[in-house]
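Q: Return a 3D structure for these sequence lines:
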Amino acid sequence: MPAKNQKALRKPRADAQQNRVRILDVAKEAFTRSGANASLDDIAKEAEVGAGTLYRHFPTRDALIEAVYRTEVEKLAASEKKFSETLSPIEALRAWMLLFVDHIATKQIIGPALHSLVGGPSKLFEGSRAQIQSAINSLVNRAIKSGDVRKDLEPFDLLRALIGVSHVASGPDWQQSARRLVDILITGSRPIK
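A: Just a heads-up that it's a prediction; the model follows:
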């Protein structure tokens, strides 16, 4: 294999990967505070990297915004496996739903930044929906098999309820309301005795 192809297949160096993660964490906070117009130079400084390092990882503002959103979705999707390995089926479902509430909050916070993307965020959202749907389906199916929840429970109904609360609520306390709703939904999902 030519050296050029070997270089393309190599994993990024550990320090490069750490820089990328730090940039994404700082960018998420910056977009939360300042929206899509957050200063990329300030993000680089706060992440303790040079502007060149930021632009090497994320050549445009849109690339950085997309990467922040994708990273949050990937964390949410990956948490399904972690929760399933460490918690009972019903507790794994509850923990994931609480994390989903946080995901909705992140999406709302960086929403204006996402809408600034050239061509809009629709393709970005399409890919994330499949990951989220897969995670909730797995958790609900596991809880159904264990007998913790009703056999007729539709996973997407749980998501719909939580998303609905986030859209209806106009106050800053919608997140606490959504967290309470998680427990109500879990209780309502139990088998009828």
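Q: Now do the domain split for this protein, please.
A: 13-59, 68-193 (automatic domain parsing).
Q: comparing the ones you listed, which gets the lowest mean pLDDT score?
A: Lowest mean pLDDT within those: domain 68-193, a mean of 84.
Q: How far does that one stretch from one end to the other?
A: 44 Å (CA to CA, to the nearest Å).
Q: Now do that domain: distance to the chain's middle.
A: Averaging C-alpha positions (CA atoms, centre = their mean, to the nearest Å) puts domain 68-193 9 Å from its chain's average.
Q: can you list the domains of the chain in JSON lines and add mean neighbour count?
A: Heads up, the C-betas are built off the backbone N, CA and C, glycines and all. Shown next, in JSON lines, are the domains of the chain (neighbours: other CB atoms under 10 Å):
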{"stretch": "domain 13-59", "mean neighbour count": "16"}
{"stretch": "domain 68-193", "mean neighbour count": "16"}
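Q: can you map out the helices along this structure?
A: Counting by DSSP state H, the chain has helices at residues 3-9, 14-34, 40-46, 51-57, 61-86, 89-115, 122-146, 155-168, 174-189.
Q: mean confidence score for the first one?
A: Mean pLDDT, taken over the full extent of helix 3-9, equals 54.
Q: I'd say I136 and D157 touch.
A: No - contact status for I136 versus D157: not in contact, 9.8 Å apart, counting by CB atoms under 8 Å.
Q: overlap in contacts of the two?
A: Residues touching both I136 and D157 by CB atoms under 8 Å, 6 or more residues apart in numbering: none at all.
Q: Am I right that A30 is in contact with N37?
A: No - contact criterion CB under 8 Å: A30 and N37 do not qualify, at 9.8 Å.
Q: Thanks a lot, catch you later.
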